[in-house]
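1. with the sequence up front, the predicted model follows.
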Amino acid sequence: MFKKTLSYPHLVWMVLFVIAPMFLIFLYAFTVTDDGGTLSFTLENFAKFFEPMYIKILFNSVWIAFLSVVFCIILGYPAAKIIADRDRRRIAMGKKATGLLMLFVMPMWMNVMLRLYAWLTILQPDGVLNSFLSLLGLPKLDIMYTQTAVVLGTVYDFIPFMIMPIYSVLIKIDDSVIEAAQDLGANKMRVFWKVILPLSLPGVVSGITMVFLPALTSFYISDFFSGGQFMLIGNLIEKNFKNPVGRNFGSALSIILMIFAFLSMHVMKIFNKSNRQMDMY
Amino acid sequence: MKKHFFKNFIENIYLFLMFLFLYFPIVILMIFSFNNIKSTSNWGGFSTRWYVQMFSDDALLGAFGTTITIAIIAALVSCVIGTAAAIGIQGFRSKKLKGLINAVTNLPMVSSELVMGVSMMMLFLTVNIPLGYFTLLLAHITFCVPYVIVSVLPKLVQLDSGLYEAALDLGAKPFYAFRKVVLPEIKPGIISGMLIAFTLSIDDFVISFFTTGNGVNNLSIYIYSSVRRGVNPMYNALSTVMFILVAILLFVINKRSSSKTGDSPIGVLG
């Protein structure tokens, strides 16, 4: 039944539309085209990246992505914990889960641009937030076009990706492990810090990888919330590819980004492995 | 008892604040979609003019049509390719080869959307396929197939292949045995894979942004390019309609999955 040939269309498709395009990116990143149209090998596309201006953009984007991840964890972990606790209690009693997780995920299914647009109408200088503040007699807030707005948009956009993996790890924790800790005299705080938190870390780690990389590259968020004046590495790549002369440099940037992606995947793998070994004890 | 009550109270407040954070912007949009004046802070009376304007905006309706047709075709095609691939991958005996295939399959899911988008754009430009509806469709199928595979594979692993052989021994033709024995078992995986593909395709912005051209827009790109020109209450009306559609869709899916296997497509995404 499991005929290998059935997978060939998929494999051909992947070679054509994933591998070949990646190869092109590598080709462009390591070459430069002169006026005559001939390609020659070069490392200058990568060298260009080390100019202070671009290094600053990289640092900025890593900082924004880092802040977004931190806020996603701070806001998302307790939410995932509360919902998971309630669902576990209900499932233990033989009832259906609460469905609260569904409510957290629902905004994610609405179009991404409309979600961001919603915040735009709130944060604008004459938007809902400021008219509310002036109603209370408070001074206006100029959040729009700042780093805060970009982080806010990123957190809003990606927080479901933090809540879901944490929830799915928490919901699977064996009740007997928690009971054992309680029987051995651990109070609630200790059970959380010594048992539940370590066991839920794989969920947090996979949440981090699901939020960090998109946060680094979501050029549309910083376009929306900073009017294009706040460049992230994603914006830099987008600008370079939209302009035919920039494609070599854009390719080099994409490779740097891919290295970031694979490093973070690798860190996650190592982390999950060491965590699994801990489980055995 | 009292302590328990207090804890519950704090938890409820926390959940309430989180839901406020998530839904407040959407509710504001919905309210102001019925505003008679073009403002997001003053109320100028009830009106449905933005809904009327929305349904007479050809560019918007065109973008909506593109989004829906691309999502349907991409979901169907990736469903066929992905299911066949999942079955085929099970046939590879060599662990190394299987690992390699899985790595390639996972590539679109783990590498950044941005890199996927720009690399496919480079491909289409290099081989001289004009960017437009066709390239958009190719790109969407490419990023949908892996999700179908990932949701079908676990079902195949659970499958008792003896059943299929028993059907053959009893004289069933291979395709008949597949349809009657294998398909019902892996169907939940196929359907949730297709749903994931459909929703990913509808929501996609980054990859579409780079792989379309010649005035072909999907909804995300259309909104992206027009919102930057300024706020228009028409998008409030659009958001309201989209939100209600999504809520209905999710409700139906939830009903279906909880009544049958308990596999929620959301679970797979997580």
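-> Received it, and whenever you're ready, just let me know what you need.
2. run a quick neighbour tally on A:R88.
-> When counting by other Cβ atoms under 10 Å in any protein chain shown, one arrives at 17 neighbours for A:R88. C-beta: built from backbone N, CA, C; applies to glycine.
3. after the strand or helix carrying it comes which helix or strand?
-> Following DSSP states H and E, one finds A:R88 within helix A:52-92. Using DSSP H and E, the helix or strand that directly follows helix A:52-92 along the chain is helix A:100-109.
4. and the helices in chain A?
-> Remark: helices assigned in chain A by DSSP state H are A:8-14, A:20-29, A:44-49, A:52-92, A:100-109, A:112-123, A:128-135, A:147-170, A:175-183, A:188-191, A:197-217, A:219-226, A:233-242, A:247-280.
5. rounded mean pLDDT for the last one, please.
-> Over the span of helix A:247-280, the pLDDT mean works out to 76.
6. counting contacts, what elements does that helix pack onto?
-> Of the remaining helices and strands, those touching helix A:247-280 by 3 or more Cβ pairs under 8 Å, 6 or more residues apart in numbering or on different chains; DSSP states H and E are helix A:20-29, strand A:31-33, helix A:44-49, helix A:197-217, helix A:233-242, helix B:113-126.
7. out of these, which comes closest to A:K96?
-> Minimum separation from A:K96 across the helices and strands packed on helix A:247-280 (Cβ to Cβ) falls at helix A:197-217, 22.2 Å.
8. and the closest one, what's buried?
-> Going by neighbour count (16 or more other Cβ atoms under 10 Å in any protein chain shown), the buried part of helix A:197-217 is A:199-200, A:202-217.
9. now the residue in the stretch 101-250 of chain B that chain A sits nearest to. Nearest residue, chain neighbours left out?
-> Nearest residue of the stretch 101-250 of chain B to chain A, counting by Cβ to the nearest Cβ: B:S119, 3.5 Å away. Take B:S119 and drop its neighbours on the chain: the residue closest to it by Cβ to Cβ, 6 or more residues apart in numbering or on different chains is A:P21, 3.5 Å away.
10. that neighbour against B:L125, yeah?
-> No. The criterion here is Cβ atoms under 8 Å, and A:P21 misses it with B:L125 at 10.4 Å.
11. settle it for me: which of these two has more neighbours?
-> A:P21 (22 against 17).
12. just the pLDDT for the more buried one.
-> Value for A:P21, per-residue pLDDT: 92.
13. neighbours of B:D58, how many?
-> Counted with other Cβ under 10 Å, the neighbours of B:D58 add up to 7.
14. roughly how far apart are it and B:Y222?
-> The span separating B:D58 from B:Y222 equals 11 Å under the rule Cβ to Cβ, to the nearest Å.
15. what's the answer for B:S111, then?
-> Distance of B:S111 to B:Y222, computed by Cβ to Cβ: 26 Å.
16. just B:G62 next, same as before
-> 8 Å.
17. more neighbours, these two?
-> B:Y222 (21 against 16).
18. can you name the residues that contact the residue lying closest to A:I83 once chain neighbours are set aside?
-> In space, not counting the residues next to it along the chain, A:I83 is nearest to A:L100; the distance is 4.6 Å by Cβ to Cβ, 6+ apart. Counting by Cβ atoms under 8 Å, 6 or more residues apart in numbering or on different chains, A:L100 touches A:83, A:86-87, B:15.
19. wait, B:P130 touches B:V216, no?
-> No. Under the criterion of Cβ under 8 Å, B:P130 makes no contact with B:V216, lying 10.2 Å away.
20. so if I had to pick from these two, which one is more boxed in?
-> Legend: neighbour count by other Cβ under 10 Å for B:P130 and B:V216, higher for B:V216 (19 against 11).
21. from memory that one sits against B:L137, does it?
-> No. Contact between B:V216 and B:L137 fails when scored by Cβ under 8 Å: they sit 10.0 Å apart.
22. quick check: closest non-adjacent residue to A:Q124.
-> A:M144 (5.8 Å).
23. coming back round to it: and the residue nearest to B:S119, what does it touch?
-> By Cβ under 8 Å, 6+ apart, the contact list for A:P21 reads B:116, B:119-120, B:122-123.
24. next one: A:P78
-> Contacts for A:P78 (Cβ under 8 Å, 6+ apart) come out as B:Y14.
25. pLDDT score for it?
-> Value listed for A:P78 in the pLDDT field: 93.
26. export the helices of chain A to CSV and tack on distance to B:F32?
-> Converted to CSV, the helices of chain A look like this (distance: least, Cβ to Cβ, whole Å):
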stretch, distance to B:F32
helix A:8-14, 44
helix A:20-29, 42
helix A:44-49, 44
helix A:52-92, 26
helix A:100-109, 17
helix A:112-123, 7
helix A:128-135, 8
helix A:147-170, 18
helix A:175-183, 47
helix A:188-191, 45
helix A:197-217, 29
helix A:219-226, 18
helix A:233-242, 29
helix A:247-280, 38
